[in-house]
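1. okay, sequence plus prediction incoming.
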Amino acid sequence: MMKLLTSKTFGLLLTIIAAIAIGSAVFAQLHGKNTAQTSDPAAFVESGIKAITGTWNPDAMIKRADPAILTPFVRQQLPQAYAQLSAKWGRLQHVAQPVGAPTSPYVVNGAVAGVVGSWTADAQFEHGPATVEMVIRRAGNGEWKILGLRIEPRKLTP
C-alpha cells in the first residue's frame, strides 16, 4: 500500500511539474519580452529600422534608444531632425536582412556592462536607395538598445 501511494504521489508530482513548465513556457511566449529584444540582434535592428524609418516618429527611436544618448537636447532635436530625414528619404519601402555582429565590450566605470556591435542593412526609401547603419548595445539584462543610427545614400553600380 505504501509503495502504491509513493508511486502515485511521484506520478502526480511529475504531472504537476510538467504542467508548471508548459504553463511557464506558454506564458513567456505570450507575455514575455520580444525575443528580438532579448536574443536576436539582427531582428532587433531590422524591426528598429522599420519602426523608425517607416514613420519617422521620434517616439520609435526614444523607445529603443539607450538612455545614455537621450539627453534633453537630443529629445528636443529629434522631431526636427526626423522631419528633415522624412523629407529627404521619404518612408521606408524595403529593408534587407541586417549584417553585423557584437564586436566589443561596453564598459561602464571600468566594468564590462554588455557588448556593442554595428549592423548595416541595404534599404529602399521612397526617394532612393540607402545603407542604414545601427550601432546597438546589449546590456547585462539581455536588452538591446540603440546607440546610433546613420543613413547614407547607396551608390548604384552601373
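-> Right, received. Where do you want to start? Residues are numbered from 1 along each chain as shown.

2. lowest average confidence, helix or strand, in the chain?
-> helix 2-31 (a mean of 40; mean pLDDT, DSSP states H and E).

3. from the chain's centre, how far out does the lengthiest strand in the chain sit?
-> Criterion DSSP state E: the longest strand present in the chain is strand 111-125. Remark: strand 111-125 is offset 10 Å from the chain centroid, using CA atoms, centre = their mean, to the nearest Å.

4. which helix or strand contains residue 53?
-> helix 41-55 (DSSP states H and E).

5. could you check the angle strand 111-125 makes with that helix?
-> 50 degrees (axes from the mean of the first three to the mean of the last three CA atoms, to 10 degrees).

6. neighbouring contacts of helix 41-55?
-> With CB atoms under 8 Å, 6 or more residues apart in numbering as the test, helix 41-55 has contacts from 34-37, 60-61, 63-64, 85, 89, 91-92, 95, 97-100, 102, 117, 119, 121, 123, 125, 132, 134, 136, 138, 144, 146, 149, 151. C-beta here means a position set from N, CA and C on the backbone, and glycine is covered the same way.

7. what about that helix, average pLDDT?
-> Across helix 41-55, pLDDT averages out at 95.

8. next helix or strand past that helix?
-> Assigned by DSSP H and E, the successor of helix 41-55 is helix 58-64.

9. and residue 130, what does it touch?
-> Residue 130 neighbours (CB under 8 Å, 6+ apart): 89, 122, 123, 124, 151, 152, 153, 154.

10. with pLDDT as added columns, please give those residues in CSV.
-> As requested, these are exported to CSV (pLDDT from 0 to 100):
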residue, pLDDT
89, 96
122, 96
123, 97
124, 97
151, 96
152, 95
153, 93
154, 85
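
11. buried subset of the residues you listed?
-> Buried members of the contacts of residue 130, counted by 16 or more other CB atoms under 10 Å: 89, 123, 151.

12. and those residues, which is closest to residue 113?
-> residue 151 (27.6 Å; CB to CB).
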